[in-house]
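[1] got a sequence here, can you model it:
(one chain, ligands or ions: 1)
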Amino acid sequence: MPPLKLIWSLLFFLCFNTFLYAQKKPALTKNEDRVEALLAKMTLEEKVGQLNQYTGERLATGPVTVNSTKYADIKEGKVGSMLNVRGAKDTRDVQKIAMQSRLKIPLLFSLDVIHGYRVTFPIPLAEASSWDLKAIEQSARVAATEAAASGIHWTFAPMVDISRDPRWGRVMEGAGEDTYLGSLIARARVRGFQGKGLGNLDAVMACAKHFAAYGAAIAGRDYNTVDMSDRLLWEVYLPPFKAAADEGVATFMNSFNDLNGIPATGNRYLQRDILKGKWNYPGFVVSDWGSIREMIPHGFAKDNKEAALLAITAGSDMDMESHSYIENLVQLVKEQKVPLNLVDDAVRRILLKKFELGLFEDPYRFSNEAREKKILNSDENRKAALEVAEKSIVLLKNQNQLLPLSKDLKTIAVIGPLAKSNNDMKGFWSVTWDNDKLVSLYEGLQNKVGKNTQLLYAEGCGISDTSKAGFAAAIEAAKKADIVVMAVGETFDMSGEGKSRTSIGIPGIQEDLIKAVKATGKPVVVLIMAGRPLIFNWTADHADAILYTWWLGSEAGNAMSSVLYGDYNPAGKLPISFPRSVGQIPIYYSAKNTGRPSLNEHDIAYRSTYIDMPNSPRYAFGYGLSYTSFSLSDLVLNKSKIGDGENLTVSCTLKNTGNYAGEEVVQLYIQDIFASVTRPVKELKDFQKVMLKPGESKTLSFIVDKEKLSFYNQQMKWGTEPGAFKIMIGDSSDHIILKGDFELVY
Ligand code: GLC
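    Below is the predicted model of the structure:
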């Protein structure tokens with residue numbers, strides 16, 4: 001080929017490839033450009049400083065390391081974030097220190113705003129009982145608006161850990177046992193916290209935690225080992241994290257547990273292969289409190305320097321309170337044990353969020369005391385908390401329609417150790433305030449009852465003590481009353497982090513108190529308050545009515561009285577199975593059939609069942625009553641056979657057959673009858689929460705698409721397999737009313 005032609009061809013080839021490359025690699029955004037420009041100015045020490053997070057002293061949420069140089073470190077640019085510093089004034093004061101550093105890189109202020117900031121909302125497991133995604137999003141939205149007005153940029157929520165073990169105290173912090181419901185709730189909470197996007201003054205960064213499978217700690221013992229198949233990990237525990245990532249969650253937090261022998265904090269498979277690789281996640285990962293250093297007692301790192309190396313290599317971008325990075329990373333890079341690009345990648349991820357939050361324009365934009373005063377604890381926020389609290393209450397029993405209470409009742413005895421408790425109503429992981437106003441059950445009743453109703457009160461007994469000294473007064477009060485309302489359960493801090501229990505009965509002698517009051521012959525309504533499912537078989541058998549109220553937050557008492565008097569018709573459904581016995585745990589509805597399923601409670605010979613108790617829970621996932629009643633009928637599948645990728649439309653009719661307007665959560669479950677791997681007997685794949693007036697009917701329609709029929713096959717490939725499926729529609733996982741069959745053919 002003549003030389004000139006060759007040159008032209010080469011030139012064309014070069015230009016074309018440059019054009020292609022430019023097309024493939026998206027142009028940097030303005031903020032990414034700014035990150036690059038800032039990164040180029042940073043020393044290695046300043047880069048490592050961005051990966052370092054310290055706690056404030058007053059609100060420590062983990063074992064505190066005495067750190068006398070904390071504020072000097074901030075001034076020297078050795079700190080990227082503070083947790084547990086809150087309030088417009090305090091955050092401004094600490095930010096001012098950071099602004100004295102050479103490059104004036106603003107700090108991120110973070111806090112566990114899990115279920116409310118100034119106004120406390122119901123604990124997350126209670127909110128999950130509402131099955132009301134808009135209410136759950138609204139709860140997070142109010143929390144974010146208040147926190148952002150108080151100098152907070154970043155909340156360590158939502159906790160999206162699936163859990164099937166109520167011995168684990170942190171079950172209170174999640175959305176229960178189900179992957180489908182948990183994934184939808186994860187999305188709702190991320191939307192609520194991040195609102196219209198980072199940079200808005202009422203938006204905070206959310207944080208999907210704890211990555212991953214922390215809720216599967218063996219024996220429900222917090223921080224314990226997790227060991228599971230890849231199939232279980234991908235099918236049950238990862239989807240809520242993927243949902244949060246798809247919803248745009250700004251950050252992730254890893255978890256304390258080891259997963260199949262490798263601590264999550266040092267787990268490349270989780271943090272690099274899955275999160276930053278397969279999922280192409282652009283945000284950053286913060287370690288859990290001290291979890292980098294804890295790889296030493298895990299027996300995974302010989303010292304803190306190795307822990308730092310393992311963590312940064314595995315993809316943990318920011319070090320919460322281990323001091324591992326700030327003490328070792330500079331040296332590790334200089335020794336060429338840690339490539340600089342790993343540090344740069346972590347710094348980029350963190351700086352990008354600071355730019356997106358607008359902190360470089362104005363580091364103090366969230367620390368405005370006038371705005372804080374205006375927004376926190378408003379009547380509007382308390383009203384929102386009341387509405388979510390009402391929706392979170394689950395009616396477990398209502399014998400002879402004892403509830404709702406009549407406004408004509410003359411005397412109500414309010415009995416039990418939680419009847420007048422204010423502080424317990426907040427639940428674990430609430431933000432502590434000096435002058436907090438949490439409405440007790442007793443106060444809620446006082447706010448509700450008419451002037452002709454007399455309230456009598458007796459504590460009866462303590463939460464955990466065994467003294468019956470108060471029984472006589474309780475019985476006396478019951479005898480004088482038309483009806484007894486009892487408030488029993490745990491204290492707020494008997495569930496939460498580090499609060500695993502081997503026995504999950506109602507503590508102490510509270511059930512003895514219920515028995516003694518019941519013996520008076522008066523009708524007894526029992527309100528059970530706890531952060532986890534409790535076991536209360538005697539009460540379940542003998543109480544006339546039972547409401548499970550969890551921990552309902554600031555407006556607890558007003559929500560409870562509103563439901564007791566029927567101003568709000570309860571519609572909550574359990575997001576987690578309630579065992580009859582600890583011996584049944586782990587217990588969950590989406591179990592496998594096994595080769596020897598027990599056909600009924602008497603079929604126990606050589607069956608996959610216990611000989612001393614049925615397999616069934618005391619109360620099932622999806623269970624909850626109403627003051628009205630509903631019927632479900634007219635199931636229609638638009639096809640009996642569908643091709644791969646074809647949708648199935650399922651419809652049915654819901655009718656309110658009772659005397660009260662009310663909401664029903666109609667649940668759609670699917671069973672894949674046979675497949676290349678065993679499949680659960682049922683899986684929740686859709687639900688609708690519908691309000692109907694008495695006598696009103698509504699036709700509901702559900703779409704079953706390919707995604708809902710997919711699972712991981714023997715080769716761990718996600719997809720469908722042809723064969724027979726069952727559609728089940730009911731008002732609880734253990735109360736299927738309509739059944740239909742269809743076939744997937746291809
Ligand atoms: C705690 C928790 C985590 C929390 C963090 C900061 O130990 O495990 O959920 O966000 O530390 O308080």
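[2] all contacts plus neighbour counts: C-alpha atoms, from now on.
    Will do.
[3] my guess is Asn537 meets Arg580, correct?
    Yes - between Asn537 and Arg580 there is a contact at 6.8 Å, judged by Cα atoms under 8 Å.
[4] between these two, which contacts overlap?
    Both Asn537 and Arg580 are contacted by Arg618, under the criterion Cα atoms under 8 Å, 6 or more residues apart in numbering.
[5] neighbour-wise, which of the two wins?
    Arg580 (21 against 15; other Cα atoms under 10 Å).
[6] is the more buried one in contact with Trp538, as I believe?
    No - if you go by Cα under 8 Å, Arg580 and Trp538 don't touch, sitting 10.5 Å apart.
[7] residue numbers of the stretch 401-550 of the chain in contact with the ligand?
    For the stretch 401-550 of the chain, the contact set with the ligand under Cα under 6 Å from any ligand atom is empty.
[8] all strands of the stretch 401-550 of the chain, in order?
    Remark: strands assigned in the stretch 401-550 of the chain by DSSP state E, counting those that start in this stretch are 411-415, 454-458, 483-489, 524-529, 545-548.
[9] name every strand pairing with the fourth one and say which way it goes.
    Translated: strand 524-529. Applying DSSP bridges, strand 524-529 is found paired with strand 483-489 (parallel), strand 545-548 (parallel).
[10] how about it as PDB, C-alpha atoms only?
    Presented in PDB, the C-alpha positions along strand 524-529 are these (Å, rounded to 0.1, in the frame of the first residue of the first chain):
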ATOM      1  CA  VAL A 524     -59.600  -8.600  79.200                       C
ATOM      2  CA  VAL A 525     -57.900  -6.800  76.300                       C
ATOM      3  CA  VAL A 526     -54.200  -7.400  76.300                       C
ATOM      4  CA  LEU A 527     -51.800  -5.000  74.500                       C
ATOM      5  CA  ILE A 528     -48.400  -6.600  74.000                       C
ATOM      6  CA  MET A 529     -45.500  -4.200  73.500                       C
END
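[11] compute the inter-axis angle for that strand and strand 411-415.
    Here the directions of strand 524-529 and strand 411-415 differ by 40 degrees (axes from the mean of the first three to the mean of the last three Cα atoms, to 10 degrees).
[12] mind giving me the packing neighbours of the helix or strand hosting Phe355?
    For Phe355, the element it lies in under DSSP states H and E is helix 340-356. Counting contacts by 3 or more Cα pairs under 8 Å, 6 or more residues apart in numbering; DSSP states H and E, helix 340-356 packs against helix 30-41, helix 44-50, strand 284-286, helix 304-314.
[13] what's the burial count for the closest residue to Ser633 other than its chain neighbours?
    Excluding its sequence neighbours, the residue lying closest to Ser633 (Cα to Cα, 6 or more residues apart in numbering) is Thr653, at 5.2 Å. Thr653: 15 surrounding residues under other Cα under 10 Å.
[14] go on, His210?
    So His210, with other Cα under 10 Å, has 24 neighbours.
[15] touching the ligand at all, whichever helix or strand it is part of?
    Here His210 sits within strand 207-211, counting by DSSP H and E. No - residues of strand 207-211 are not located near the ligand by Cα under 6 Å from any ligand atom, the shortest gap being 6.9 Å.
[16] which strands and helices sit next to that strand?
    Using 3+ Cα pairs under 8 Å, 6+ apart: strand 207-211 touches helix 239-246, strand 251-254.
[17] Asp288 is nearest to which of those?
    strand 251-254 (5.9 Å; Cα to Cα).
[18] show me how the protein divides into domains.
    For the chain, the structural domains run 385-584, 630-745, going by automatic domain parsing.
[19] over the longest one, what's the mean pLDDT, rounded is fine.
    Just to be clear, that refers to domain 385-584. Averaged across domain 385-584, pLDDT comes to 97.
[20] now do the contacts for the residue lying closest to Glu663 once chain neighbours are set aside.
    Nearest residue to Glu663, sequence neighbours excluded (Cα to Cα, 6+ apart): Met691, at 4.1 Å. By Cα under 8 Å, 6+ apart, the contact list for Met691 reads 661-664.
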